[in-house]
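> The sequence isn't on hand, but the structure is:
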């Protein structure tokens, strides 16, 4: 029998999941002079913070144009279950391909492991979880790379393909279109409570391991041109990045935003991830908040998600409409209004 159940993996990491990302503002400063890569086949690069890069290649077997998508995602454990952590990390990495309107076709594992602290069979369970989600997605997981590390790290580099004329990207949000969200928020709060108390939240695990494949298919069928997935920078952070890239602003109806059961209680009891607070601090200068909406409501909207849903500019089945894209009052300055 595996010994993985003997270890609380969250106690081996200072952060957890996408909440351990570098802060958005810090990351933008780091890469500020690295954007604007000039290559004739580069369709989507670093400039607007999209979920994956896209490169035009030769036509596919059917004679149609083809874009190759490439992304990588890895993080420290947000769950004590090794198998479930592996599943979440795989679903999160695959999500970047879906968020661009693509289909994942190959993945490789990325591993950092504290070999003196955790036994090999725990890592086997992590990889088994990643493999299970890869199979669910119809995406082969073959090989990868591993290093020794002071904290456990796991994720994937994923390659996908897409129609270059139907990419969903950050810079294509158009005024007048609705904003939809395919998964409820709140996993950051519930994961933080799990780490602190050992309580298990199956609703959070179910949400994080759910693939965004159907939301991608539905968005493409609806002709959606702008989408992203909601991960470490929270709903407000990712929406702001999209609005800024598109030269527009957005209005969010806070009462229409769905949350997982227990998320508000976790907020009430103080289990707010540091990443969520940093998200709100980063985007606060670009917010227009209606009276009566308090700091707690904003923290919910800024909650650092792991393997969150697709934030879609358009309508898709089963995803509530939570707002609308509007024109910016000041050209070139994106604002997120919370009403």
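Nice, I can see it. Worth saying up front: this structure is predicted, and the values here are computed from it rather than measured.

> next structured bit after the helix or strand where residue 245 lies?
Using DSSP states H and E, the element containing residue 245 is helix 234-246. Elements were assigned by DSSP H and E; along the chain past helix 234-246, the next helix or strand is strand 249-252.

> neighbouring strands for that following strand, and are they parallel or not?
Taking DSSP bridges as the criterion, strand 249-252 forms sheet pairs with strand 321-326 (antiparallel), strand 336-338 (parallel).

> how far off helix 234-246 does the first one point, in degrees?
Regarding strand 321-326 and helix 234-246, their directions subtend 20 degrees when assessed with axes from the mean of the first three to the mean of the last three Cα atoms, to 10 degrees.

> ok, and what's touching strand 321-326?
Under the criterion Cβ atoms under 8 Å, 6 or more residues apart in numbering, residues 173-181, 243, 246, 248-253, 256-258, 313, 315, 337 lie in contact with strand 321-326. From N, CA and C alone the C-beta is placed, and that goes for glycine too.

> Just the buried ones out of those, please.
Neighbour-count burial (16 or more other Cβ atoms under 10 Å) applied to the contacts of strand 321-326 gives 173, 177, 179-181, 243, 246, 248-252, 257, 313, 315, 337.

> Dump the strands paired with strand 249-252 into CSV; add mean pLDDT and distance to residue 80 as well.
Listed next are the strands paired with strand 249-252 as CSV, based on pLDDT from 0 to 100; distance: least, Cβ to Cβ, whole Å:
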stretch, mean pLDDT, distance to residue 80
strand 321-326, 98, 32
strand 336-338, 98, 34
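
> Can you name every helix or strand that the helix or strand hosting residue 127 contacts?
If you go by DSSP H and E, residue 127 is part of helix 120-137. Where contact means 3 or more Cβ pairs under 8 Å, 6 or more residues apart in numbering; DSSP states H and E, helix 120-137 is packed against helix 82-99, strand 103-113, strand 141-148, strand 153-162.

> and the angle for the first one with helix 234-246?
Direction vectors for helix 82-99 and helix 234-246, defined by the same axes, to 10 degrees, enclose an angle of 20 degrees.

> Repeat that for the third one.
Orientation of strand 141-148 against helix 234-246 (the same axes, to 10 degrees) gives an angle of 110 degrees.

> Identify the residues contacting strand 141-148?
Contact with strand 141-148 is made by 90, 106-115, 130-131, 134-135, 156-157, as judged by Cβ under 8 Å, 6+ apart.

> of all the strands paired with strand 249-252, which lies closest to residue 236?
strand 336-338 (6.0 Å; Cβ to Cβ).

> Report the distance from the closest one to the chain centre.
Taking Cα atoms, centre = their mean, to the nearest Å, one finds strand 336-338 lying 21 Å from the centre of the chain it belongs to.

> What are the neighbouring residues in contact with the nearest residue to residue 186 once chain neighbours are set aside?
By the measure of Cβ to Cβ, 6 or more residues apart in numbering, the closest residue to residue 186 outside its immediate chain neighbours is residue 263, 2.8 Å from it. By Cβ under 8 Å, 6+ apart, the residues touching residue 263 are 184, 185, 186, 187, 189, 190, 300, 303.
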